[in-house]
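Q: have a look; sequence and predicted model below, questions after that.
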Amino acid sequence: MKSANLEVEGDPVATKVEVGVLGSLAVRVDDMDVELPPSRKARSLLAYLAVTGKPQRRERLCEMLWDIPDDPRGALRWNLSRLRQTLGEVLQSNRDAVWVDREKCRVDHDRHRRVASADLATIDVSELEAVAALYRGPFLDDLSLSRCPEYEAWRTAFANETELAQIRILRALVDRLAETDPGRALAHATTLELMNPGDEALAAQVEGLALRSRQQALAQNTDGRDSFGSLPEPAQARASAPLAQQIRYCRAPDGVQLAYAVTGEGYPLLKCANWMSDLQYDWDSSVWRHWVAGLSERNRLIRYDQRGNGLSDRVVDDLSFDAQLRDLETVADAACPERFALLGISAGAALSTAFAVKHPERVSHLILYGGRPRGWKHSSPPEELLRRHAMITLIRNGWGQDNPAFRQMFTSLFIPDATPEQMDWYNELQRRTVSPENAARLHEASGEYQITDLLGKVASPTLVLHSEGDFLVPFDLGRELAIGIPDARFVSLDSRNHILLADEPAFARFLDELRSFIG
């Protein structure tokens, strides 16, 4: 698990236990991340005790978290014993009450709340940025207990309070940095815009900061090159000048709100949505960041979160291929009013192909990577079909658990040669991005489509690329896709990964081929 930024004080006193509640619950003991009991109620109990910071009567805890038929006292004793295995003497109790020893435990919420309630004009900018960084997401966003109304009311109240506090801190940072350091201000303004979708004044401020940041970077660039940097080698992606990401929203015909992001400048390149994405989380990742940087270097890159995923609406009725095709049309109309190059990755390749056939006047170049002409239900042998259906059952029942084992099987298919850090990130992406039910529905929908009869109708110049050892989509299916499209150019890449990683030569080859093709 990737370590969370949980440092909550600036003094040198050693901390035995650190508890992070600004986002999903995270606990470190002696500077090491620890695994908590899988029980959501056990983790909710720990979070409640840590945040309140005072003894709580056993009767009250029983009433808050357990129903009478569940033997509340027995459940409380059992969960306390499990928590003690991790926390040791930090968790204290007597016959009547339970509490966390706050002399040996720090909670990120304390520092965040203290700073947010102070006069922010008197606090150093570096301190404000450090406190803003503590906010990893909504308060205990992984510990909603719908059948425990008293606990849920407490959690919701704190979630609202901490969100408002974070907005206040971010606004202060934007205001104080806008004139002197527009690049830093832009990063905070972009985050603030994610928390305030539809705020037109803020959107205009983001655009203004992006322009000023770019002008400043260009002024400092002595050789006159584009300040977004050059990426002759993928490993240099992190060393390039910071990209400015602008996030916008549009609505599909059925009312579903779709989030899309724009980076870079140049000829427009629209990336069709694919399995599991989060515009903000991808931005910071070791698996997708180099894709965003590389594709934005010479083009105006537009990418969006699939319905049911990431920053787009999560609660949706229709996840069908046709609905996703309408989403692609909606984003294209909102972000690319004229002709553009269209990139389809994985299942996005089929959607992109269907769009190119339906709107040939819009697509100047069609680039397909890791795609297949028909879903897994139409191209898998019987034993593979059985395995796929079993995976759907596992997704529905195990996807949302803290234990990543259920998600690891997908990670191993997508990026078998990834580092442990990259695998941890992709495991977490899947949990954060989509609900178990939506993940199952999307996986099932990915098996339904059939575009074989559309391939011969593609009129746009087409480039098809595929990894030779792709674990997820067999190489032969990628080649079949290319053979069916008139005059398509096919490029095989020396990789086993379905998502190409930054330091492998195949990613450099992918970028070279795409740039040469678009011209």
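A: Structure received.

Q: buried set for the host helix or strand of A440?
A: Element membership for A440 (DSSP states H and E) is helix 436-445. Neighbour-count burial for helix 436-445 flags P436, N438, A439, A440, R441, L442, H443, E444, A445 (criterion: 16 or more other C-beta atoms under 10 Å). C-beta here means a position set from N, CA and C on the backbone, and glycine is covered the same way.

Q: neighbours of R496, how many?
A: Residue neighbour count, defined by other C-beta atoms under 10 Å, stands at 15 for R496.

Q: how about the strands in the stretch 351-500 of the chain?
A: For the stretch 351-500 of the chain, the strands defined by DSSP state E, counting those that start in this stretch cover 363-369, 462-467, 489-493.

Q: mean neighbour count and mean pLDDT added to these, as CSV?
A: Shown next, in CSV, are the strands of the stretch 351-500 of the chain (neighbours: other C-beta atoms under 10 Å; pLDDT from 0 to 100):
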stretch, mean neighbour count, mean pLDDT
strand 363-369, 24, 97
strand 462-467, 25, 96
strand 489-493, 17, 95
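
Q: I'd like the ones you listed as a markdown table, with distance to L500 appended.
A: Formatted as a markdown table, the strands of the stretch 351-500 of the chain follow (distance: least, C-beta to C-beta, whole Å):
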| stretch | distance to L500 |
| --- | --- |
| strand 363-369 | 8 |
| strand 462-467 | 7 |
| strand 489-493 | 7 |
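
Q: A439 against R432, yeah?
A: No - the pair A439 / R432 is not scored as a contact, 11.5 Å apart, by C-beta atoms under 8 Å.

Q: residue furthest from the geometric center of the protein?
A: Computed with C-alpha atoms, centre = their mean, the residue of the chain farthest from its C-alpha average is R95, at 44.2 Å.

Q: and that one, what element?
A: Going by DSSP H and E, R95 is not in any helix or strand.

Q: and if you look at L343?
A: L343 belongs to strand 340-345 when assigned by DSSP H and E.

Q: just the CA coordinates for that strand, please, in CSV.
A: Output of strand 340-345 as CSV, limited to C-alpha atoms (Å, rounded to 0.1, in the frame of the first residue of the first chain):
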residue,chain,number,x,y,z
PHE,A,340,-9.6,15.8,-34.4
ALA,A,341,-7.5,12.7,-34.0
LEU,A,342,-9.2,10.0,-32.1
LEU,A,343,-7.4,7.5,-29.8
GLY,A,344,-9.0,4.3,-28.5
ILE,A,345,-7.3,2.2,-25.9
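
Q: tell me how far it lies from the chain's centre.
A: 21 Å (C-alpha atoms, centre = their mean, to the nearest Å).

Q: so what are the sheet partners of it and their directions?
A: Sheet pairing here is set by DSSP bridges, and for strand 340-345 it gives strand 267-271 (parallel), strand 363-369 (parallel).

Q: redo those strands as a markdown table? Include distance to A189.
A: What follows is the strands paired with strand 340-345, written out as a markdown table (distance: least, C-beta to C-beta, whole Å):
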| stretch | distance to A189 |
| --- | --- |
| strand 267-271 | 24 |
| strand 363-369 | 32 |
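
Q: ok, A440 touching I395?
A: Yes - the criterion here is C-beta under 8 Å, and A440 meets it with I395 at 4.4 Å.

Q: next, the residue nearest to S435 when sequence neighbours are not counted: phi, psi?
A: In space, S435 comes closest to R314 once its chain neighbours are excluded; the distance is 6.5 Å by C-beta to C-beta, 6 or more residues apart in numbering. Here is the backbone geometry of R314 (degrees, to the nearest 10): phi -90, psi -30.

Q: number of nearby residues for R314?
A: 15.

Q: does it really touch V434, like I thought?
A: Yes - with contact defined as C-beta under 8 Å, R314 reaches V434; the gap is 7.4 Å.

Q: name the residues contacting each of those two.
A: Shared contacts of R314 and V434, defined by C-beta atoms under 8 Å, 6 or more residues apart in numbering, comprise G308.

Q: gap between A210 and G264?
A: Distance of A210 to G264, computed by C-beta to C-beta, to the nearest Å: 11 Å.

Q: between the strand holding L343 and strand 462-467, how big is the angle?
A: Angle, strand 340-345 to strand 462-467, by axes from the mean of the first three to the mean of the last three C-alpha atoms, to 10 degrees: 20 degrees.

Q: so for strand 340-345, what's the average pLDDT?
A: The pLDDT scores in strand 340-345 average 97.

Q: who's in contact with it?
A: 267-272, 274, 295, 299, 302, 332, 350-353, 355-356, 362-371, 460, 514, 518.

Q: relative to I415, which of the strands paired with strand 340-345 is closest?
A: Smallest distance to I415 across these (C-beta to C-beta): 14.4 Å, for strand 363-369.

Q: what angle separates the closest one from strand 489-493?
A: 30 degrees.

Q: got the CA positions of strand 363-369 in CSV?
A: The C-alpha trace of strand 363-369 is given here as CSV (Å, rounded to 0.1, in the frame of the first residue of the first chain):
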residue,chain,number,x,y,z
VAL,A,363,-12.1,12.0,-37.4
SER,A,364,-8.9,13.0,-39.2
HIS,A,365,-6.8,10.2,-37.7
LEU,A,366,-7.9,7.0,-35.9
ILE,A,367,-5.4,5.4,-33.5
LEU,A,368,-6.3,2.1,-31.9
TYR,A,369,-4.2,0.4,-29.2
